[in-house]
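Provided below for reference: sequence and predicted model.
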Amino acid sequence: MENIIEVKSLAKIFGNKAALEDVSFQVEKGETFGFLGPSGSGKTTTIKILTGQLLQTSGDATVFNLPVTSLNKPSYRKRIGVITDNSGLYQRLSIYDNLKLYCDLYDVPTKRIDEVLEMVNLTEDTKKVVSKLSKGMLQRVTLARAFLHEPELLFLDEPTSALDPVNSKHIHDGLRKLNEKGTTIFLTTHDMSEAESLCKRVAFLHKGKIQLLDEPKVLRRQFSDSSVTVELKDGRELNLPGGSKGANEIYKYLSTDQVVSIHSNEPTLGDIFVEVTGRELV
Ligand SMILES: Nc1ncnc2c1ncn2[C@@H]1O[C@H](COP(=O)(O)OP(=O)(O)OP(=O)(O)O)[C@@H](O)[C@H]1O
């Protein structure tokens, strides 16, 4: 599998404080990669280095097999989309006119505007002026702008942090569509269910290093104690061990038609993060 991003022993020191100490990972072409960590763990710093907005103190980082320092050429800019904040929109222009400007800049046909506005649930608001938009709407316009030219690689820093569940779902559906069409997505988020539902693999960043990196389902299995919870018709909930001991007991309740539901007790990504780092994801 081809790697689109390769990061080796990346470090970034601000003054005398290390934001990143020794970070190494690869992102494969076509995957949605979740970069998770608590506030201040260095997620935005990593995106800024990978998009040529900040220089690392040491270590290597390549995107499209090129050192990140050479990504400023316009031909590479078109291959990448970046959302780190809501800046870059013209406050006095409407949503539509803002997107039209980007269409001109990226040589994208204007009919694409309708498609991206649908993806972010803004088809009714095209004439609204950007300065009058709510925080959530602004976030959606910024995302629409990043989707516009269907970049090969999209960096998203907490793309749904200001959104309600309905609009988050629109964004998630839009990201899945982009990913299916071939866009590789590098996503930071505090939202573990977002990471579980979108990401092929996730990395946990803490104390300047990657503490874990794998597919969510592999991590859940790795940290599972294999126990199951059995809910019975009389209202009891039994926590039973995995393996043959638990299976015999489950069979006993199943054969006497007492079972309402059986759930495996796999931890969530949030549980795993707390276990590994001792920190809540806030
Ligand atoms: N320009 C800067 N100058 C000095 N310190 C900085 C600078 N940018 C980031 N930092 C520090 O580097 C560390 C990592 O910051 P960063 O913004 O990358 O974290 P983050 O994981 O994105 O956090 P959040 O989830 O809150 O956005 C923090 O301690 C932050 O204060």
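It's in. Computed from a prediction, not measured in an experiment: that's the story for all the values here.

and the gap between the nearest residue to residue 135 once chain neighbours are set aside and the ligand?
Setting aside the residues directly before and after it, residue 135 is nearest to residue 162 in space (CB to CB, 6 or more residues apart in numbering), at 4.5 Å. The way it works is simple: take the backbone N, C-alpha and C, and place the C-beta from them, glycine included. Distance, residue 162 to the ligand, by CB to the nearest ligand atom, to the nearest Å: 13 Å.

again, but for residue 48
From residue 48 to the ligand the distance is 8 Å (CB to the nearest ligand atom).

For the closest residue to that residue other than its chain neighbours, report the pLDDT, please.
Take residue 48 and drop its neighbours on the chain: the residue closest to it by CB to CB, 6+ apart is residue 54, 3.9 Å away. pLDDT, residue 54: 92.

quick one: the strands in the chain?
3-14, 17-28, 32-36, 58-63, 66-67, 80-83, 153-157, 184-189, 201-206, 209-214, 228-232, 237-240, 259-264 (DSSP state E).

In TSV: those, plus mean neighbour count, mean pLDDT and distance to the ligand.
Formatted as TSV, the strands of the chain follow (neighbours: other CB atoms under 10 Å; pLDDT from 0 to 100; distance: least, CB to the nearest ligand atom, whole Å):
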stretch	mean neighbour count	mean pLDDT	distance to the ligand
strand 3-14	18	96	3
strand 17-28	18	96	3
strand 32-36	25	96	9
strand 58-63	18	96	14
strand 66-67	12	90	21
strand 80-83	22	86	13
strand 153-157	22	93	7
strand 184-189	24	95	7
strand 201-206	22	94	7
strand 209-214	17	94	13
strand 228-232	16	90	33
strand 237-240	14	88	35
strand 259-264	12	88	31
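
Out of those strands, which gets nearest to residue 124?
In terms of CB to CB, the element of the strands of the chain nearest to residue 124 is strand 80-83, at 22.4 Å.

Where does pLDDT dip in this structure?
Along the chain, segments meeting pLDDT under 70 span 86-87, 279-282.

residue boundaries of the helices in it?
In order along the chain, the chain carries the following helices (DSSP state H): 43-50, 74-77, 95-106, 111-119, 135-147, 165-180, 192-198, 216-222, 243-255, 269-277.

Over to residue 37: give its phi and psi.
The phi/psi pair for residue 37 (degrees, to the nearest 10) reads phi 170, psi 160.

is it true that it touches residue 206?
Yes - using CB atoms under 8 Å, residue 37 is in contact with residue 206, at 5.8 Å.

Run a quick neighbour tally on the nearest residue to residue 196 once chain neighbours are set aside.
Nearest non-adjacent residue to residue 196, counting by CB to CB, 6+ apart: residue 216, 5.0 Å away. If you count neighbours by other CB atoms under 10 Å, residue 216 ends up with 20.

Would you mind measuring from the residue nearest the centre of the chain to residue 211?
What sits nearest the mean C-alpha location of the chain, by CA atoms, centre = their mean, is residue 187, with 3.0 Å. Residue 187 sits 18 Å away from residue 211, going by CB to CB, to the nearest Å.

The residue nearest to the centre of the chain touches residue 195, doesn't it?
Yes - shown here, residue 187 and residue 195 form a contact pair, counting by CB under 8 Å, at 7.5 Å.

Determine the residues that are contacts of both of these two.
residue 34 (CB atoms under 8 Å, 6 or more residues apart in numbering).
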